[in-house]
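Q: sequence below, structure please.
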Amino acid sequence: MGPKSFDLVIGAYTTGKSKGIAVYRFYTETGRLAYLSQTDDVSNPSYLAVSANNKFVYAVNENDNGEVSSFSFEPKTGKLTFINKVPTLGGSPCYVSVDKDQKNLFVANYSGGNIAVLPLNADGSIAPAVQTIKDSGHGINKERQEKAHVHTAVLSPDEKYVLYTDLGTDKINITKYKGGKDNPIVPAKPAFVNVTPGYGPRHLAFSADKKYLYLITEMGSSVIVYDYNNGKPKQKQDISLLPDGFKGATGAADIHISPNGKFLYATNRGDANDISLFAINQDNGELTFIERRPTGGKGPRNFVIDPTGKYLLIAHQNSDSIIVYRLDETTGKLSQPVNRLEIGNPVCLKFAPAM
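A: Model prediction:
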């Protein structure tokens, strides 16, 4: 039996009601949330990573100068204690990931247009960056793609590769992860795959069997399916998130696969403010559209599925709320909301075992 409760760690923009990172206990029997703790005066912790040993939380500080902060974490109480903060060597960091052995952090600097690698010390503190890789070029959209805009830094399931999306140049970049002290990542061969011009690649998700890679495109409002083999994605499907004839503003945001591997979910912002559900073909990884429904708020930038697969929680940046939906594990469909948390500008949700 797994745990019946988890800690929900919430990152937010601090330009509104939020002051930093909040932690709530989440109960899987009912979908209830109970407040545990909050950090004070942590600037724009817009994306978080929890270490595999559950002892540390890392948060980007999405500001012009660009920093990343480390915290010790006590799962029983939800308490976060600040350790240190270092520059990310690029502006507006918007994504952070950590390897299972807790040797390095990988940070995507959006306005800096680069990925940075920062070593970790045994006490959870972050050492100065040892490597950056900066993209060059631009895309066809002169307003959004005037230069590189790196959006993610995702480890492959076997941690042999780090993939990072570039919204500005319409590429998924692929690097081998060596793990050494000098140049921990090196461009793979091929070093990137091109995405349809103007699509603006954003977030990635791997299938449970590691055979398929799914990309959500922010500006294209689509999901692209790739066969994935040892650092080599090969496109096989491009499926839209938009209903026929949709003319409003969009901004596709987040993508996740259900723990049972049967369903994929993707959110869209702008005038859409909805979540799309797809069935995953277990033989070839391709997607079949099931339904599209409103998320119940504005700006569904991030969402998370609880580890039991019973609930899906959506963070609404522009309406200051997190809404909890029950999931039907057979059909993948969302129920009516079972809970709602009012919280300022939530933009990142991470679960950790409440040990």
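Q: shaky segments in the chain?
A: 1-2 (pLDDT under 70).
Q: could you give the secondary structure assignment for Tyr24?
A: Following DSSP: H, G, I helix; E, B strand; the rest coil, we place Tyr24 in the strand state.
Q: is it true that it touches Leu341?
A: Yes: judged on CB atoms under 8 Å, Tyr24 makes contact with Leu341 at a distance of 7.1 Å. The way it works is simple: take the backbone N, C-alpha and C, and place the C-beta from them, glycine included.
Q: show me the helices in the stretch 201-350 of the chain, by range?
A: With DSSP state H, counting those that start in this stretch as the criterion, the stretch 201-350 of the chain has no helices.
Q: what about the strands in it?
A: 201-206, 212-217, 222-229, 232-240, 252-257, 263-268, 274-280, 287-294, 300-305, 311-316, 321-327, 334-342, 346-353 (DSSP state E, counting those that start in this stretch).
Q: could those go into TSV alongside distance to Gly137?
A: Compiled in TSV, these are given as follows (distance: least, CB to CB, whole Å):
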stretch	distance to Gly137
strand 201-206	14
strand 212-217	17
strand 222-229	20
strand 232-240	19
strand 252-257	22
strand 263-268	26
strand 274-280	30
strand 287-294	29
strand 300-305	26
strand 311-316	32
strand 321-327	37
strand 334-342	39
strand 346-353	28
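Q: any chance of those in a markdown table, plus mean neighbour count?
A: As requested, those are exported to a markdown table (neighbours: other CB atoms under 10 Å):
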| stretch | mean neighbour count |
| --- | --- |
| strand 201-206 | 22 |
| strand 212-217 | 26 |
| strand 222-229 | 20 |
| strand 232-240 | 16 |
| strand 252-257 | 23 |
| strand 263-268 | 25 |
| strand 274-280 | 22 |
| strand 287-294 | 14 |
| strand 300-305 | 23 |
| strand 311-316 | 25 |
| strand 321-327 | 22 |
| strand 334-342 | 14 |
| strand 346-353 | 22 |
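Q: quick one: closest of those to Leu120.
A: strand 346-353 (17.2 Å; CB to CB).
Q: and the closest one, which strands flank it?
A: With DSSP bridges as the test, strand 346-353 is paired with strand 5-12 (antiparallel).
Q: distance from the strand it pairs with to the middle of the chain?
A: 14 Å (CA atoms, centre = their mean, to the nearest Å).
Q: and the contacts of it?
A: If you take CB atoms under 8 Å, 6 or more residues apart in numbering as the criterion, strand 5-12 is touched by 18, 20-28, 33, 36, 45-48, 50, 57, 59, 73, 75, 78, 304, 306-307, 313, 315, 322, 343-354.
Q: now list the buried members of the residues you listed.
A: The neighbour-count test (16 or more other CB atoms under 10 Å) marks 18, 20-28, 33, 36, 45-48, 50, 57, 59, 73, 75, 78, 304, 306-307, 313, 315, 322, 343-352, 354 as buried among the contacts of strand 5-12.
Q: returning to that earlier point: who touches both of Tyr24 and Leu341?
A: Common neighbours of Tyr24 and Leu341 (CB under 8 Å, 6+ apart) are Leu33.
Q: against Phe351, how distant is Ile343?
A: 16 Å (CB to CB, to the nearest Å).
Q: tell me the SS of Asp101?
A: coil.
Q: tally of neighbours for it?
A: Using other CB atoms under 10 Å as the criterion, Asp101 is surrounded by 12 other residues.
Q: hey, where'd the strands end up in the stretch 51-200 of the chain?
A: Using DSSP E, counting those that start in this stretch, strands in the stretch 51-200 of the chain cover 56-61, 67-74, 79-87, 93-98, 104-109, 114-119, 131-134, 154-155, 161-166, 171-177, 185-194.
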